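Chemist: mind looking at a prediction? Sequence and model below.
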Amino acid sequence: MGYGVVVIPPMRRRRRIDVREVADLIISWAVLTIAFGIQAVFYGDLTMLGVAAVAVATAFIAHELSHRQMARRYGLYAKYRAWYAGLAIALVVAVLSTRILGRTFVFAAPGAVYVAALYPVRNPKAEVRVAEAGPLANLGLAATLLLIAPHVPPPWSQYVSWVGGVNSWIAFFNLLPIPPLDGFKIIRGALPEWVVLFGAALLLYFVG
């Protein structure tokens, strides 16, 4: 997850729907739903598979679209593109970790929002804000859902808490200071902001 940067020559902004982007989002969502809900798949638990689908929709789609919309606020051309090798790795790691370790681990790198500038001029502020947008969406969702969960009757409280936990994991994973993740881009341009965001992600991840 996250975003990549490329430079393209001047072009007229396209207003029509990007069919490839929609297809990539749907495929990524479907594969990640299986990865996060792999235990539900093994046990035939359709309810938890549905919860996994909601969790991925809030965590993954909100993350990527937040990157995209922030980039567009800075006048940049931004589109989501799936990384099919990353999706395959996510599925394989989820299956193997569940079967071997008894606990599901998801390598969440399904693709990225590719940001293109019309002219090759670096904008450090835009780079940081675009990188922060995805994890911030997840942190906001995680905090809200984890606060709501204790006030919802079971079994909905467990479902809400689990969806919040997936959001906190996505935020934590993407804020790791490793290229090409968001954390690396943020720490390179705004170290104090990364410390705050990473600390919040750690807190929500362990609380959730």
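Modeler: Happy to help now that I have it.
Chemist: find the nearest non-adjacent residue to Phe184, please.
Modeler: Nearest in space to Phe184, with sequence neighbours left out and distances taken as Cβ to Cβ, 6 or more residues apart in numbering, is Pro177 at 5.3 Å. C-beta coordinates here come from the backbone N, C-alpha and C atoms, glycine included.
Chemist: helices or strands up against the top helix by length along the chain?
Modeler: Of all segments of type helix in the chain, defined using DSSP state H, the longest is helix 124-148. With contacts defined as 3 or more Cβ pairs under 8 Å, 6 or more residues apart in numbering; DSSP states H and E, helix 124-148 has these neighbours: strand 3-7, helix 62-73, helix 156-174, helix 182-189, helix 191-207.
Chemist: which of these sits closest to Met48?
Modeler: For Met48, the closest of these is helix 156-174, at 8.3 Å, according to Cβ to Cβ.
Chemist: relative to helix 62-73, how tilted is that closest one?
Modeler: With axes from the mean of the first three to the mean of the last three Cα atoms, to 10 degrees applied, the angle from helix 156-174 to helix 62-73 works out at 50 degrees.
Chemist: any idea how far helix 156-174 is from the middle of the chain?
Modeler: Here the centre of helix 156-174 is set off from its chain's centre by 11 Å, with Cα atoms, centre = their mean, to the nearest Å.
Chemist: could you pull up phi and psi at Pro155?
Modeler: phi -90, psi 0 (degrees, to the nearest 10).
Chemist: whoops, Pro153 was the one
Modeler: phi -70, psi 150.
Chemist: which residue packs closest to Asn123, ignoring adjacent ones?
Modeler: Nearest to Asn123 is Tyr74, by Cβ to Cβ, 6+ apart, at 6.7 Å.
Chemist: surely that neighbour meets Arg129?
Modeler: Yes - with contact defined as Cβ atoms under 8 Å, Tyr74 counts as touching Arg129 (7.2 Å).
Chemist: low-confidence ranges in this structure?
Modeler: Within the chain, the ranges that satisfy pLDDT under 70 run 1-15, 118-121, 208.
Chemist: wait, which of the helices and strands packed on helix 124-148 is closest to Ile17?
Modeler: When these are compared (using Cβ to Cβ), the closest one is helix 62-73, at 13.4 Å.
Chemist: other residues contacting the closest one?
Modeler: Residues outside helix 62-73 that contact it (Cβ atoms under 8 Å, 6 or more residues apart in numbering): 1-3, 25, 77-80, 111-113, 115, 126, 129-138, 141, 170, 174.
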